[in-house]
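Enquirer: Return atomic coordinates for the entry below.
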Amino acid sequence: MSLLYLSNYCFSGVVFSNGKQWRELRKFSITTLQNFGLGKKSIEERIQEEAGFLVAEIRSLKEKSINPKGLLAQAVSNIICSVVFGNRFEYDNRIFKQLLSMFAEVFKETNSTWGQLQYMFPGIMNYIPGPHQGSKRHLNAVQKFVIEQVKKNQETFDPKCPRDFIDSFLLKQLQEKDNPHFDTLNMIMTIFGLFFGGTETLTTTLRYTFLIFIRYSEIQDKVQKEIDQVIGNSRIPSTEDRSKMPYTNAVIHEIQRFINVLPLNVPHMVLKDVNFKGYTIPKGTDVYPLLCSVLYDPKMFATPNKFNPNHFLDSNGCFKKNQAFMPFSAGKRLCLGEGLARTELFLYITTILQNFKLTSKTKFVDEDIQPRMAGFANVPKNYEMCFIPRA
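Expert: Model prediction:
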């Protein structure tokens, strides 16, 4: 199969498609994610298992000061790997590290000024030399990797027993041979979308989370106190614990609100001419939802520019919802992995804090945790930290 050019990617897969193609790919992806694990290991069990592997890996560091970025990316992406490829990877697996490195580079390049110009003007930028050409190389490398995995699946594919997302897509292709929306390009880009949404954004959120807990040790202490009271240390956390842990739930919500990982989220597209408040928005116009307009709305949050878990707590200390909380975007293009992301955040955070005290040799100040815009995303500063085992 010939390699794809970057401009081809911009309109494929569940993240970048529009219209009927997007509707069909989204419906398929949601159904597959929801049904995955029936009769096998559930998604929650996979996350709990991976959290256990992460804890073991951290213990092996023996309180060594590290940048947690790589370790968190491995743990988070293993969940997507288990769904897409049917198996997880060991943290020292060379191929696994190369795959994560490629995705990280694409994320970094996409967030650069060159990357944004490439996305906005692919017809021109494809012919202009510059660092944005690296995205093309890395995307093609990802394509090669996915195609190899697809070929492996095809060799042992059983339509009666799909093992993972790739098998489910192959089955869909078999069932709807004349449907152009389920071609190989859309498979590759849907998988890329799952990795991007399920690895980079979640890893970034966890990196911010640990930084915030180190900056505000009193908040970390209160979360650990609630973990000790509700879960204890004799069992692993489960999603059933969430409703009994209002403070922890509020802290996780506030982290997502405050850091606002994707301020523009992903674009929507106008499918027909629309008149909005006297203005005509032509068919084909890209529309970006400015999430900061609601996540930092002073009418909805008392101290919008400060980290404050009380935004999600009532006067009795009970968790309270807020209609302005929409880090996963809004409308029909709401992130299809919201449920998975919420589960991962809760289980990873509670499992880590159940086992470790988070510290750093660096003394962080409020400025260090402020969201830092880098292209399309907010990313935290690089930092080192220590995981101290709790007695």
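Enquirer: can you give me the helices for the stretch 51-200 of the chain?
Expert: Per DSSP state H, counting those that start in this stretch, the stretch 51-200 of the chain carries helices over the ranges 69-84, 94-110, 113-120, 122-125, 133-155, 165-175, 184-195.
Enquirer: what angle do the longest one and helix 94-110 make?
Expert: Just to be clear, that refers to helix 133-155. With axes from the mean of the first three to the mean of the last three C-alpha atoms, to 10 degrees as the basis, helix 133-155 and helix 94-110 are set at 140 degrees to each other.
Enquirer: Kindly tell me how buried Gly284 is, as a neighbour count.
Expert: Other residues lying near Gly284 total 11 when counted by other C-beta atoms under 10 Å. Using the backbone N, CA and C atoms, a C-beta is placed for each residue, glycine as well.
Enquirer: From Lys332, how far out is it?
Expert: According to C-beta to C-beta, to the nearest Å, Gly284 stands 17 Å off from Lys332.
Enquirer: what's the answer for Lys306, then?
Expert: 32 Å.
Enquirer: higher neighbour count, the two?
Expert: Lys306 (12 against 9).
Enquirer: what's the neighbour count on Glu343?
Expert: In this structure residue 343 is Thr, not Glu. Neighbour count for Thr343, taken as other C-beta under 10 Å: 20.
Enquirer: what's the answer for Val14, then?
Expert: 26.
Enquirer: ok, now which ones touch it?
Expert: Each residue near Val14 by C-beta atoms under 8 Å, 6 or more residues apart in numbering is listed here: 22, 25-26, 29, 186, 189-190, 193, 336.
Enquirer: cool, and Val270?
Expert: 281-285, 287.
Enquirer: now do Lys321
Expert: By C-beta under 8 Å, 6+ apart, Lys321 lies in contact with Phe312.
Enquirer: repeat for the one 10 residues further on
Expert: Shown here is Gly331, whose contacts under the criterion C-beta under 8 Å, 6+ apart are 268, 289.
Enquirer: Could you do Leu340 as well?
Expert: 33, 43, 79, 198.
Enquirer: Now with 10 Å, please.
Expert: 33-34, 43-44, 47, 79-80, 83, 194, 197-198, 202 (C-beta atoms under 10 Å, 6 or more residues apart in numbering).
Enquirer: a helix runs through it, doesn't it?
Expert: Yes - counting by DSSP: H, G, I helix; E, B strand; the rest coil, Leu340 is located in a helix.
Enquirer: still on that earlier bit, what is the nearest of the contacts of Leu340 to Phe319?
Expert: Phe319 lies nearest to Glu44 out of these, by C-beta to C-beta, at 20.2 Å.
Enquirer: got the angle for the helix or strand that contains the closest one vs helix 69-84?
Expert: For Glu44, the host element (DSSP states H and E) is helix 43-60. Relative orientation of helix 43-60 versus helix 69-84 (the same axes, to 10 degrees): 150 degrees.
Enquirer: Show me what helix 43-60 is packed up against.
Expert: helix 69-84, helix 338-355, strand 356-359, strand 386-389 (3 or more C-beta pairs under 10 Å, 6 or more residues apart in numbering; DSSP states H and E).
Enquirer: Quick check: can you name the pairing partners of the last one and their directions?
Expert: In this case it means strand 386-389. strand 356-359 (antiparallel) (DSSP bridges).
Enquirer: so after the partner strand, what's the next helix or strand?
Expert: By DSSP H and E, the next helix or strand past strand 356-359 is helix 366-369.
Enquirer: Show me what that next one is packed against.
Expert: Looks like helix 366-369 contacts helix 201-215, helix 246-259 (3+ C-beta pairs under 10 Å, 6+ apart).
Enquirer: list the contacts for Lys244?
Expert: Lys244 is in contact with 226, 229-231, counting by C-beta under 10 Å, 6+ apart.
Enquirer: Okay, Phe312 and Glu254: tell me how far apart.
Expert: Phe312 is 6 Å from Glu254, by C-beta to C-beta.
Enquirer: what's the answer for Gly193, then?
Expert: Where Glu254 is concerned, Gly193 sits at a distance of 27 Å (C-beta to C-beta).
Enquirer: likewise Phe301?
Expert: 9 Å.
Enquirer: Need the overlap of contacts for those two.
Expert: Residues within reach of Phe301 and of Glu254 at once, by C-beta under 10 Å, 6+ apart, are 308, 310-312, 325.
Enquirer: Just the buried ones from these?
Expert: 308, 311-312, 325 (16 or more other C-beta atoms under 10 Å).
Enquirer: where does Ser315 fall, phi/psi-wise?
Expert: phi -70, psi -20 (degrees, to the nearest 10).
Enquirer: Spatially nearest residue to Ala51 (excluding sequence neighbours)?
Expert: With C-beta to C-beta, 6 or more residues apart in numbering as the criterion, Ala51 has its nearest non-adjacent residue at 4.1 Å, and that residue is Thr351.
Enquirer: which ones are touching that neighbour?
Expert: Contacts of Thr351 by C-beta under 10 Å, 6+ apart are 47-48, 50-52, 54-55, 227, 231, 236-237.
Enquirer: and those as CSV, adding distance to Val146 and pLDDT?
Expert: What follows is the contacts of Thr351, written out as CSV (distance: C-beta to C-beta, whole Å; pLDDT from 0 to 100):
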residue, distance to Val146, pLDDT
Ile47, 23, 94
Gln48, 27, 97
Glu50, 21, 97
Ala51, 26, 98
Gly52, 28, 98
Leu54, 25, 98
Val55, 30, 98
Ile227, 38, 99
Ile231, 38, 98
Ile236, 32, 98
Pro237, 33, 98
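Enquirer: Is it possible to mark the buried ones in those residues?
Expert: 47-48, 50-51, 54-55, 227, 231, 236-237.
Enquirer: would a markdown table of the helices and strands packed on helix 366-369 with mean pLDDT and mean neighbour count be doable?
Expert: Compiled in a markdown table, those are given as follows (pLDDT from 0 to 100; neighbours: other C-beta atoms under 10 Å):
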| stretch | mean pLDDT | mean neighbour count |
| --- | --- | --- |
| helix 201-215 | 96 | 23 |
| helix 246-259 | 98 | 23 |
